[in-house]
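>>> Sequence first, predicted coordinates after that:
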Amino acid sequence: MTGLQPFRHLYVHIPFCRHKCGYCDFNAYAGMDRLMPDYVEALERELLSARERHQFQQLETIYFGGGTPSLLPAGLATRLLGFVRSTFDVASDAEVTLEANPASTDAEKVAAWLEGGVNRLSLGVQGFDPKALAVLERRTDAAQATRAFALAREMGFANISIDLIYAVPYQSMDTWIETLRRAVAMGPDHVSTYCLSFEEGTLLYRRRAEGRVPEVESDLQWDQLDAACAELEAAGFHRYEVSNWARSEGFESRHNHAYWRCRPVYGAGAGAHSYATDGSEASRWWNVARPKDYIAAAPASRADGEELEPRKKVAESLMLGLRTAEGMVAPAGFDRELATLTEAGLVERRDGRIVPTRKGMDLHNQIALAVL
């Protein structure tokens with residue numbers, strides 16, 4: 001492709017975890033903390049190479065995801081944050097997000113994050129119900145989550161997001177509503193609510209196949225989603241994307257919006273994905289996944305990639321755009337698909353845009369199947 005649009009968004013993957021939860025299918029690894037210094041060095045090599053090989057403009061968002069980025073010792077976090085800022089032109093108002101586990105959040109690290117320019121914290125709470133947390137194999141509890149949130153707020157974080165998971169085996173409607181109310185009472189600025197999925201290859205998937213974990217009735221899943229909508233809306237949050245809620249304007253995730261709008265994003269680190277476009281076509285590529293292999297390969301860390309022909313690129317942009325409440329301008333060539341979705345009550349036309357209905361937000365997988 002020629003005429004590639006410059007990168008304004010950066011994702012940095014930190015693959016380390018203290019313990020890999022049974023439901024997780026992310027590129028994350030437990031018991032490899034000894035690799036952290038070498039891994040940060042490898043990230044620095046890749047990022048320097050990326051700056052030389054690709055066009056970057058002023059970065060609007062930076063996202064440190066994982067894995068558990070909060071596992072990095074304060075010194076390594078300070079080093080990595082400082083390196084990114086010295087290597088790239090970062091906008092003064094850039095959104096800089098770091099994912100944190102309550103169990104690995106302490107005052108020394110929070111101070112390092114703030115000093116390094118992190119201004120948005122994504123706290124992996126997941127829930128407050130001990131039974132649900134046990135099924136998820138989350139080795140944190142409600143008290144740790146509450147303490148970590150309070151610490152981050154007291155030390156200066158003005159933008160804190162928390163994650164919650166519903167449709168967990170043994171999680172009743174009452175305990176889910178209690179989870180939502182406890183979450184709201186903490187005072188977050190953003191809430192993500194995810195329906196538990198049993199991903200093939202995970203421990204939880206195997207346990208369900210063996211009959212050791214029960215199925216969750218579909219009616220209960222929908223009831224819990226309805227409860228999330230009711231509780232969060234009553235608390236003043238607005239649902240701006242299928243799984244995401246913001247307390248007010250300005251607290252939506254700007255980095256995730258880059259994905260939903262198919263903006264170019266450079267992904268650094270083990271298993272990280274990058275997306276580039278020249279307007280009519282697009283390409284994506286991904287790095288080698290295992291940390292040891294990534295460290296050995298960096299900066300030549302790319303594992304594979306693919307080119308997206310024009311119709312597939314537009315189909316993906318339509319699918320992703322219809323995840324958001326604002327929707328998008330209807331693209332050419334998809335009249336039949338959009339007519340079918342409109343007839344099914346999943347989308348509607350509003351102010352010259354095609355937007356998902358509440359039903360379409362809840363059943364977005366049907367939209368995806370129709371357009372891809």
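Noted; the coordinates are in hand. Numbering: from 1, shown residues only.
>>> how about the most centrally placed residue in the chain, secondary structure?
With distances taken as Cα atoms, centre = their mean, the residue of the chain nearest its centroid is N256 (6.9 Å). Of the three states, N256 takes helix under DSSP: H, G, I helix; E, B strand; the rest coil.
>>> Check the spacing between it and R247 real quick.
N256 is 16 Å from R247, where distance means Cβ to Cβ, to the nearest Å. C-betas here are computed from N, CA, C, even on glycine.
>>> still on that earlier bit, where does the residue nearest to the centre of the chain land on pLDDT?
Here the pLDDT value assigned to N256 is 98.
>>> Could you do E199 as well?
Note on E199: pLDDT of 83.
>>> any chance you could map the helices in the chain?
Using DSSP state H, the helices of the chain run over 36-53, 74-87, 107-115, 130-136, 142-155, 173-186, 203-209, 218-234, 254-260, 291-297, 310-321, 335-343, 358-362, 364-371.
>>> Could you break the protein into its assigned domains?
Per the record, the chain has its domains at 7-259, 310-372, by automatic domain parsing.
>>> May I ask you to confirm that A50 is in contact with V265?
No: look at A50 against V265 with Cβ atoms under 8 Å: they stay out of range, at 11.9 Å.
>>> Can you report how many residues lie near the residue nearest to P102 when sequence neighbours are not counted?
Excluding the flanking residues, the one nearest P102 by Cβ to Cβ, 6 or more residues apart in numbering is A148, at 3.7 Å. A148: 26 surrounding residues under other Cβ atoms under 10 Å.
>>> how much space between L308 and V314?
L308 is 9 Å from V314, by Cβ to Cβ.
>>> correction: A300
Spatial separation of A300 from V314 under the definition Cβ to Cβ is 32 Å.
>>> So those two - more neighbours on which side?
Neighbour count, other Cβ under 10 Å: between A300 and V314, V314 has more, with 19 against 11.
>>> which residues touch that one?
Listed by Cβ atoms under 8 Å, 6 or more residues apart in numbering, the contact set of V314 reads P331, G333, F334.
>>> The second one reaches P310, doesn't it?
No: counting by Cβ under 8 Å, P310 is not a contact partner of G333; they are 9.3 Å apart.
>>> list the contacts for R139?
Contacts of R139 were listed using Cβ under 8 Å, 6+ apart, and they are R18, H19, A103.
>>> Same question for R120.
E95, V96, T97, L98, F157, N159, I160, S161, S253.
>>> In strands, which of those appear?
Applying DSSP state E to the contacts of R120, the entries found in strands are E95, V96, T97, L98, I160, S161.
>>> Using ChimeraX, define a selection of the buried residues within those.
Selection of buried members from the ones in strands among the contacts of R120 for ChimeraX, criterion 16 or more other Cβ atoms under 10 Å:
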select :95,96,97,98,160,161
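>>> List the backbone torsions phi and psi for Q171.
Dihedral pair for Q171: phi -90, psi 110, per degrees, to the nearest 10.
>>> quick one: it and E337, what's the gap?
Taken as Cβ to Cβ, the span from Q171 to E337 is 35 Å.
>>> Which residue of these two possesses the greater neighbour count?
For Q171 versus E337, the count of surrounding residues by other Cβ under 10 Å is larger for Q171: 23 against 16.
>>> how close does V288 sit to V191?
V288 sits 34 Å away from V191, taking Cβ to Cβ as the criterion.
>>> Which of those two has more residues huddled nearby?
Shown here are V288 and V191; by other Cβ under 10 Å, V191 has more neighbours (26 against 20).
>>> Identify the residues contacting the nearest residue in space to that one that is not next to it in sequence.
The spatial neighbour of V191 that comes closest, neighbours along the chain excluded (Cβ to Cβ, 6+ apart), is W245 at 4.5 Å. Contact analysis of W245 by Cβ under 8 Å, 6+ apart lists H190, V191, S192, T193, L232, F237, H238, R239.
>>> Contacts only, for the fifth one.
By that I understand L232. With contacts defined as Cβ under 8 Å, 6+ apart, L232 is in contact with L180, V184, V191, T193, R239, W245.
>>> One more: the first one?
Residues in contact with H190, defined by Cβ under 8 Å, 6+ apart, are N159, I160, S161, I162, N244, W245, A246, R247, F251, E252, S253.
>>> Now the last one. Its backbone dihedrals?
Phi and psi for S253, reported as degrees, to the nearest 10, are phi -70, psi 110.
>>> correct me, but it touches N244?
Yes: the criterion here is Cβ under 8 Å, and S253 meets it with N244 at 6.6 Å.
>>> what's the neighbour count on I62?
Neighbours of I62 (other Cβ under 10 Å): 25.
>>> Repeat that for A228.
A228 has 24 neighbours, counted by other Cβ under 10 Å.
>>> As a markdown table, the contacts of W245 with pLDDT and distance to A111 would be great.
Output for those, formatted as a markdown table (pLDDT from 0 to 100; distance: Cβ to Cβ, whole Å):
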| residue | pLDDT | distance to A111 |
| --- | --- | --- |
| H190 | 98 | 22 |
| V191 | 98 | 25 |
| S192 | 98 | 25 |
| T193 | 97 | 30 |
| L232 | 98 | 31 |
| F237 | 98 | 29 |
| H238 | 98 | 32 |
| R239 | 98 | 34 |
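>>> Closest one to L43 out of these, please.
Nearest to L43 among the contacts of W245 is S192, at 25.4 Å by Cβ to Cβ.
>>> wait, isn't that closest one in contact with Y240?
No: between S192 and Y240 there is no contact under Cβ under 8 Å: 11.1 Å.
>>> For the stretch 1-150 of the chain, give me the ranges with low pLDDT.
Scanning the stretch 1-150 of the chain for pLDDT under 70 picks out the ranges 1-3.
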